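Peer 1: my questions are about this predicted structure, shown below with the sequence.
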Amino acid sequence: MINGRRASRQASGNIVQEKSHVFAVSIIQTTRRLQLEQREWVLSKQLLRAGTSIGANVEEAIAAQSKKDFLSKMSIALKEARETHYWLRLIRDSGLLNGANSEAHLSACHERLRLLNSITLTTRHNLSTTARGGRAHSTFIIPRSTLES
């Protein structure tokens, strides 16, 4: 839900793109709250930058010019997700964000980490298989167990 409305599914149906966008919106709302209610500017700006950068890099990956370019952009999105996870933990542990709210954000961030990690590992595997002369998968394989854990 975004501002009381259900988030509309992207026309492409790209789940990573959709989840990254929804996450970025929630990060924007949280940083706004941190700034208005807690008067916290430094950590909130770091969280805002990293949390919204995930989706920006996913968008760039979608328009990649090659598989290597796709892997590079998705790897950057993964790194930004790791950084976001760090800032969320720091904000939680410093008491700036209440427990339930911070745990919800950390859980959502962890889900993005697992998803992006799976995509980058699969892409890296497919590229190395192609480089060795083997047959690579034409689509990304994301093991179901990876997303459910």
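Peer 2: Right, received. Where do you want to start? This is a predicted model, so every value here is computed, not measured.
Peer 1: which stretches in this structure count as helices?
Peer 2: Using DSSP state H, the helices assigned to the chain run over residues 15-37, 42-62, 67-93, 99-131, 144-148.
Peer 1: can I get those helices in CSV with mean neighbour count and mean pLDDT?
Peer 2: Backbone N, C-alpha and C define where each C-beta goes, glycine included. Rendered in CSV, the data for these read as follows (neighbours: other C-beta atoms under 10 Å; pLDDT from 0 to 100):
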stretch, mean neighbour count, mean pLDDT
helix 15-37, 18, 97
helix 42-62, 20, 98
helix 67-93, 19, 97
helix 99-131, 16, 94
helix 144-148, 10, 48
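Peer 1: list the contacts for the residue of the chain positioned farthest from its centre?
Peer 2: The C-alpha centroid of the chain is most remote from G133, which lies 32.0 Å away (C-alpha atoms, centre = their mean). Applying C-beta atoms under 8 Å, 6 or more residues apart in numbering to G133 gives no contacts.
Peer 1: for it, give its distance to D69.
Peer 2: Distance from G133 to D69, counting by C-beta to C-beta, to the nearest Å: 22 Å.
Peer 1: please apply the same query to R39.
Peer 2: Counting by C-beta to C-beta, the separation of R39 from D69 is 41 Å.
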